[in-house]
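# Task: produce atomic coordinates for the following.
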Amino acid sequence: MNPPTTDTLCIYGATGAGIAAAVQAARMGRHVILIEPTADIGGIMTQGLGSSDVNNHASFRNEAALGGIARQFYAAVGQAYGREGPVYGYEPHVGEAIFRRWLDHPAITLVAGTGLREPIPQAAEKQGTRLQALHLADGRRIAASCFIDASIEGDLLAAAGVRTVVGREANALHGETLNGIRGENTYRQFEVRVDPWNRPGDPSSGVLPTIQDEPLGEPGAGDHRIQAYCFRLCLTDDPANRIPFARPDGYDPAQYEIYRRYAAAGGRLWTPQARLPGRKTDLGSWHDLSANLYGMNHAYPEGSTGTRQRILAEHLAFTQGLCWFLAHDPALPSELRAEWSRWGTCRDEFTTSGGWPRQFYVRDARRMVSPHVITEHHLRVGSGVEDGDPVAVAYWPPDVHHVRRIVRDGAAYNEGFVFGGSIAWRPFGISYRALVPHPQECTNLLTPTCPSSTHVAYGAIRLEWTFMALGQACATAAVLALEHKTSVQEVDYGGLQTALLQAKGQLNVPAST
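Here you go, the predicted structure:
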C-alpha cells in the first residue's frame with residue numbers, strides 16, 4: 001500500500017487505545033495507518049460500554065488519574081451533551097461520533113474491515129528484529145517504520161514472533177496470592193444453591209448448559225482459562241425508541257434451565273437500569289448469574305477468524321435468547337418478566353444489527369511477556385514495589401471475572417472472580433518497560449492493550465481510559481524512537497516523560513490518594 005518511510009506509524013486495532021495512539025502521533029507530525037479488522041471503530045467503547053468506571057465507587061475516587069487524550073474524550077462527551085467538564089457516561093453513537101471526528105485528520109489513514117492474513121505467523125514481514133510490513137487478509141501490504149498492537153487479542157504481537165501468554169499464571173511463579181485457580185470464591189458466588197444436573201440429583205444425567213463438568217483443580221495452579229466475555233447491552237425503556245425483544249430463531253428454552261432453578265430457589269436475577277443519557281443502559285454481567293458465559297470463550301484468544309466468529313455468534317444467540325427468556329418464560333416471577341418486558345434494544349443504536357452490539361466485551365486475551373512483568377506486588381499496599389518509568393496510572397482494584405462454572409459440593413459454583421481480593425490494593429504507575437517486547441524479539445513494536453502483566457495485575461490495568469493513556473504513551477514513544485533512530489527499548493525515558501507531561505498526561509499516582 002505504501003513505501004516504508006521514517007514518518008509512518010502503523011497501528012493495529014482501532015480500539016480506544018488505537019485511536020488515542022493515532023491522534024497523538026498525528027499531533028506529533030507523523031503519518032498514521034490505522035488498521036481495524038472489523039467494520040467498526042472504538043472497540044467496546046462504542047459497542048455498548050458507555051460507563052467508564054470513574055468515581056463510581058464510594059470507597060475511592062479515581063478521576064484524578066485521567067489525563068491527556070483520555071480526559072479530552074470525556075470532555076468531548078460533556079460538550080456533546082451541552083455540559084461543562086468531563087462526562088463519564090454516554091450513548092454508543094455519541095462516542096463513535098467523537099472518534100470519527102478525531103480520525104478525520106489528513107495524517108491518519110483508516111483501513112477498516114480487514115485484518116491480518118492467516119495463518120497469523122505469515123502476516124508479518126521482518127528483517128532481523130524489525131517489522132517491515134504487514135500482510136492483510138484482503139491482499140494489501142502495509143509498510144511502516146514503527147508499529148503498535150492496540151488490539152485486545154494481541155494478534156500483531158503473535159505475528160511478529162513476540163512471546164505472549166493466555167490464562168492464569170501459577171501463584172508460585174511471581175509470589176502472588178490472587179492468581180491461578182481460586183481455592184475459595186465468595187465474591188459473585190451463587191446466592192442460592194442450584195442443582196447442576198440435567199435431572200436434579202442425578203450426576204449421570206450430565207451438567208446443565210453454562211456449567212463445565214470438570215474438577216476444581218489445585219488451588220494456586222496456573223491454567224489456560226480466561227475471564228468470561230459478555231455483551232454490554234445498550235437497552236432502553238423509552239417506548240418511542242425501544243425495539244421489543246423478539247424470540248430468536250432456533251430459541252431453545254432448555255438452555256436457560258439454570259436461570260429457572262435459580263429463580264425458584266429465591267435467587268434475584270439481574271435487571272436493566274437506565275444509567276446513561278437517553279434512558280439507556282449499558283447492561284453488563286458481573287453478577288452471580290447473568291450473561292457472562294463462563295468457560296465458553298477459552299478458544300477465542302488464539303483462535304482463527306472463523307473460531308472467533310463462531311464464539312461471538314454463540315454468545316450473541318445465547319444473549320438474545322436470554323433477554324427473550326427473562327421477559328416471557330412462565331416459570332419466572334411475573335414481576336421479573338414485567339420488568340424485562342419494559343426494555344428492548346434501541347432504534348438509534350447499532351442500526352444495521354437490530355440494536356444489538358456487533359462486538360462483545362473481550363475482557364482479556366493474549367498478554368505480552370517481556371523482561372519486565374507487572375504483578376500483584378505492584379498494586380499491593382506496602383509491597384515496596386515501585387517502577388521508575390511510569391507512563392500512565394492504573395487506578396482500579398484487581399478485577400477479573402470468573403473463568404468457569406463447575407460443580408462443587410453438589411451445586412453450581414463460579415470460580416475465578418477477583419475484585420480487590422484479600423489484599424489492600426493501591427493505584428500504581430504503569431512502567432514503560434511493560435509496553436515493549438524483549439529486544440531480541442522485536443525492536444519497533446509496542447502495545448498498550450496487551451502489556452506484560454500477570455492475569456491478576458492485568459485486571460487492574462484493563463480499563464478503557466487506562467488503555468487510552470497507554471495508547472498515547474506508545475505513540476509518543478514510537479515517534480521519539482523514529483526521531484532519534486533508535487529502538488523502542490532504547491527510548492530515553494526523560495524525553496518520553498517530558499513529552500507526555502506536555503500533552504497533559506497523568507504519570508504519577510495523584511497525591512490525594
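
# Mind naming the longest helix for the chain?
The helix spanning the most residues in the chain, taking DSSP state H as the definition, is helix 305-328.

# and after that one, which helix or strand comes next?
Downstream of helix 305-328, the first helix or strand assigned by DSSP states H and E is helix 334-341.

# can you list contacts of that next one?
Around helix 334-341, the neighbours that count as contacts under C-beta atoms under 8 Å, 6 or more residues apart in numbering are 244-245, 263, 269, 271-272, 323, 326-329. All C-beta spots, glycine's among them, are computed from the backbone N, C-alpha and C.

# do that again at 7 Å, thanks
Residues outside helix 334-341 that contact it (C-beta atoms under 7 Å, 6 or more residues apart in numbering): 269, 271, 326-328.

# Check which residues of that helix are buried.
For helix 334-341, the buried set under the neighbour-count rule, 16 or more other C-beta atoms under 10 Å, comprises 336-337, 339-340.

# Same check on stretch 484-499?
The neighbour-count criterion (16+ other C-beta under 10 Å) identifies 487-489, 491, 496-497, 499 as the buried residues of stretch 484-499.

# how long is that stretch from one end to the other?
Taking C-alpha to C-alpha, to the nearest Å, the span from the opening residue of stretch 484-499 to its closing residue is 14 Å.

# And for stretch 282-299?
End-to-end distance for stretch 282-299, by C-alpha to C-alpha: 26 Å.

# For that stretch, buried residues please.
282-286, 288-298.

# Please tell me how far that stretch is from the chain's geometric centre.
Remark: stretch 282-299 is offset 13 Å from the chain centroid, using C-alpha atoms, centre = their mean, to the nearest Å.

# I'd like to know the average pLDDT value across that stretch.
Computed over stretch 282-299, the mean pLDDT rounds to 96.

# same question, stretch 499-513
88.

# Could you pull up the residues touching the residue nearest the centre of the chain?
Against the mean C-alpha coordinate of the chain, by C-alpha atoms, centre = their mean, the closest residue is residue 363 at 3.7 Å. Going by C-beta under 7 Å, 6+ apart, residue 363 touches 227, 229, 401, 462.

# go with 8 Å
Counting by C-beta under 8 Å, 6+ apart, the residues that residue 363 touches are 226-229, 400-401, 462.

# just residue 500 next, same as before
In this structure, residue 500 makes contact with 68, 391, 472-473, 476, 507, judged by C-beta under 8 Å, 6+ apart.

# Ramachandran coordinates for residue 370?
Recorded main-chain torsions at residue 370 are phi -120, psi 180, according to degrees, to the nearest 10.

# got it, and residue 79?
Listed backbone geometry of residue 79 is phi -60, psi -40, with angles given as degrees, to the nearest 10.

# for residue 429, same thing?
phi -80, psi 140.

# can you tell me how far residue 245 sits from residue 352?
With distances taken as C-beta to C-beta, to the nearest Å, residue 245 is found 18 Å from residue 352.

# Settle it for me: which of the two has more neighbours?
Between residue 245 and residue 352, counting by other C-beta atoms under 10 Å, residue 245 is the more crowded of the two (22 against 9).

# Now residue 352. Nearest residue, chain neighbours left out?
Here the nearest residue to residue 352 in space, its sequence neighbours aside, is residue 358; by C-beta to C-beta, 6 or more residues apart in numbering that works out to 7.8 Å.

# Three-state assignment for that neighbour, please.
When states are read from DSSP: H, G, I helix; E, B strand; the rest coil, the local structure at residue 358 comes out as coil.

# wait, what's in contact with it?
By C-beta under 8 Å, 6+ apart, the contact list for residue 358 reads 38-40, 47, 350, 352.

# If any of those residues are buried, give me the PyMOL selection for them.
Entered in PyMOL, the line below selects the buried ones among the contacts of residue 358, by 16+ other C-beta under 10 Å:
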select buried, resi 40+47+350
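
# picking up where we left off before, give me the subset of the contacts of residue 363 that lies in strands.
Within those, membership in strands is found for residue 400, as judged by DSSP state E.

# Closest one of the contacts of residue 363 to residue 142?
Within these, proximity to residue 142 (C-beta to C-beta) peaks at residue 462, which comes in at 27.1 Å.

# Report how many residues lie close to that closest one.
When neighbours are counted by other C-beta under 10 Å, residue 462 registers 20.

# Hmm, it is touching residue 362, no?
No. Counting by C-beta atoms under 8 Å, residue 462 does not reach residue 362; the two are 10.0 Å apart.

# Only C-alpha atoms, please: export stretch 116-130 in CSV.
This file holds the C-alpha atoms of stretch 116-130, laid out as CSV (Å, rounded to 0.1, in the frame of the first residue of the first chain):
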residue,chain,number,x,y,z
LEU,A,116,-4.1,-9.8,9.3
ARG,A,117,-3.6,-12.6,6.8
GLU,A,118,-4.0,-16.1,8.2
PRO,A,119,-2.3,-18.1,9.4
ILE,A,120,-1.0,-15.3,11.6
PRO,A,121,2.7,-16.1,11.5
GLN,A,122,2.6,-15.4,7.7
ALA,A,123,1.2,-11.9,8.2
ALA,A,124,4.4,-10.2,9.4
GLU,A,125,7.4,-9.3,7.3
LYS,A,126,10.5,-8.9,9.4
GLN,A,127,14.2,-8.1,8.8
GLY,A,128,16.1,-9.2,11.9
THR,A,129,14.3,-7.8,14.9
ARG,A,130,12.5,-5.1,12.9
